[in-house]
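Chemist: only geometry, no sequence info:
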């Protein structure tokens, strides 16, 4: 629909693959025992991690168009950060993953990508270890923007960019300062309004419905579900 939505395609693949690995882990734990299942899960995740880095930096042939393998390692760094917080993975494992990325990096923007991953993971771990940080982000307008952030992502291009494009078609590509600022502010109001409506009409009822769905609890040899979810998934 829009080129920027390639990230949505990747995001769904990340979640499905991670959940698929955890489902495989549960099945193997029931048959082979927890220790063996953990070892196999570590091998599978480690192999995917190294393969993803190699594909991303051109050390191996590119994956077919639309397949998220080339970005898997960036997503998995976030999962490792959460598992460090939950005590499932030691901090040296996360540090080693970062070192592996740095050692295999070949792209011109590799340093910036690594810096973003390290900074984001560090902030997630710091926030989890310092609950008092929650107070700094409890301001109601920030909470509101966080609630509608996914809808903002969906509408920032489809509505915001088009509103600015309309202004350029009317007054020319080089907009006068006053008109340019006004068009920018109006585009912000437009996407904020649309995102709020989408959250209120779709996301909010969907979350309420999801809370009414209960699943049977199992006593399989697996860690607590809270230990195996990523921050982004739990925030959703």
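Modeler: Cool, the structure landed. These figures come from a predicted structure and were not determined experimentally. Residues are numbered from 1 along each chain as shown.
Chemist: Looking at this protein, which helix is longest?
Modeler: helix 6-32 (DSSP state H).
Chemist: Please read off the pLDDT at residue 135 from the model.
Modeler: The per-residue pLDDT reported for residue 135 equals 72.
Chemist: picking up where we left off before, which other helices and strands does the longest helix of the chain contact?
Modeler: In terms of contacts (3 or more Cβ pairs under 8 Å, 6 or more residues apart in numbering; DSSP states H and E), helix 6-32 is packed against helix 34-56, helix 72-85. Every residue, glycine included, has its C-beta placed from N, CA and C.
Chemist: Return the angle between stretch directions for it and helix 72-85.
Modeler: 60 degrees (axes from the mean of the first three to the mean of the last three Cα atoms, to 10 degrees).
Chemist: Among the helices and strands packed on helix 6-32, single out whichever gets nearest to residue 12.
Modeler: Minimum separation from residue 12 across the helices and strands packed on helix 6-32 (Cβ to Cβ) falls at helix 72-85, 11.4 Å.
Chemist: Next SSE downstream of the closest one?
Modeler: helix 91-104 (DSSP states H and E).
Chemist: Buried deepest among the helices and strands packed on helix 6-32, which one?
Modeler: Ranked by mean neighbour count, the helices and strands packed on helix 6-32 are led by helix 72-85 with a mean of 22 (mean count of other Cβ atoms under 10 Å).
Chemist: If I take it and helix 34-56, what angle do their directions form?
Modeler: Going by the same axes, to 10 degrees, helix 72-85 makes 140 degrees with helix 34-56.
Chemist: Tell me the gap between helix 72-85 and the middle of its chain.
Modeler: 10 Å (Cα atoms, centre = their mean, to the nearest Å).
Chemist: Going forward, count from 23.
Modeler: In the new numbering, first residue 23, that becomes helix 94-107.
Chemist: list the helices and strands that helix packs on?
Modeler: Counting by 3+ Cβ pairs under 8 Å, 6+ apart, helix 94-107 packs on helix 28-54, helix 56-78, helix 113-126, helix 132-151, helix 253-257.
Chemist: rank the ones you listed by mean pLDDT and give me the bottom one.
Modeler: For the helices and strands packed on helix 94-107, where the average pLDDT is lowest is helix 253-257, sitting at a mean of 44.
Chemist: ok, residue 66 - contacts?
Modeler: 43, 46 (Cβ atoms under 8 Å, 6 or more residues apart in numbering).
Chemist: how far away is it from residue 175?
Modeler: Using Cβ to Cβ, to the nearest Å, residue 66 is found at 30 Å from residue 175.
Chemist: cool, residue 61 as well?
Modeler: Distance from residue 61 to residue 175, by Cβ to Cβ: 38 Å.
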